[in-house]
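Novice: have a look at this fold, sequence not included:
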């Protein structure tokens with residue numbers, strides 16, 4: 001007997017991944033506007049924006065990491081399936097389940113190491129030069145992105161199990 005809880009979980013992950021994708025898109029817009037302003041300031045007014053490169057160091061990982069779960073959910077990653085599509089559906093589901101399991105393990109390792117590194121930088125009091133932002137703040141994007149990816153992979157994991165059982 002199937003409960004509503006998995007669907008609620010899936011809906012929550014879809015909302016979360018969409019929200020993080022909007023944040024990622026917003027960060028990209030900020031990066032675009034800041035880069036444009038810096039170039040105009042540098043070449044038109046001979047006065048560049050101080051700390052632009054450091055701010056980019058913060059924004060770029062956020063753009064990539066916060067979009068992981070959404071990309072996984074939408075299956076927007078690059079695949080090469082010239083040969084893979086010729087196999088029966090059950091075999092494809094088994095291979096996808098194994099790959100998803102491996103991806104889940106890697107995501108958990110990234111969460112663990114990301115938290116470990118952020119805590120270490122917090123304890124050391126490290127800051128990003130020129131803008132004096134504690135470095136652990138952008139480093140927290142690593143475990144956040146990996147954890148939401150892990151949650152999206154759980155949904156795929158159960159989907160592939162259902163496909164294998166279905167045959």
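Specialist: Received, thanks. Note that the coordinates shown come from a computational prediction; the quantities given were computed from them, not determined experimentally.
Novice: what's the pLDDT at the residue nearest to residue 60 when sequence neighbours are not counted?
Specialist: Sequence neighbours aside, residue 31 is the residue nearest to residue 60 in space, at 7.2 Å (criterion: Cβ to Cβ, 6 or more residues apart in numbering). Quick note: C-beta positions are derived from backbone N, CA and C, even for glycine. As predicted, residue 31 sits at a pLDDT of 93.
Novice: in which helix or strand would I find residue 31?
Specialist: helix 5-43 (DSSP states H and E).
Novice: so for that helix, what gets flagged as buried?
Specialist: 10, 13, 16-17, 20-21, 24, 27, 31, 34, 38 (16 or more other Cβ atoms under 10 Å).
Novice: related to what we said a few turns ago, can you tell me how far the residue nearest to residue 60 is from residue 137?
Specialist: Residue 31 sits 17 Å away from residue 137, going by Cβ to Cβ, to the nearest Å.
Novice: the residue nearest to residue 60 against residue 58, yeah?
Specialist: No - using Cβ atoms under 8 Å, residue 31 makes no contact with residue 58, being 9.5 Å away.
Novice: thinking again about what came up before, how much space between the residue nearest to residue 60 and residue 57?
Specialist: Counting by Cβ to Cβ, the gap from residue 31 to residue 57 is 11 Å.
Novice: got it, and residue 113?
Specialist: Residue 113 sits 19 Å away from residue 57, going by Cβ to Cβ.
Novice: more neighbours, those two?
Specialist: The residue with more neighbours, out of residue 113 and residue 57, is residue 57; 16 against 13, by other Cβ atoms under 10 Å.
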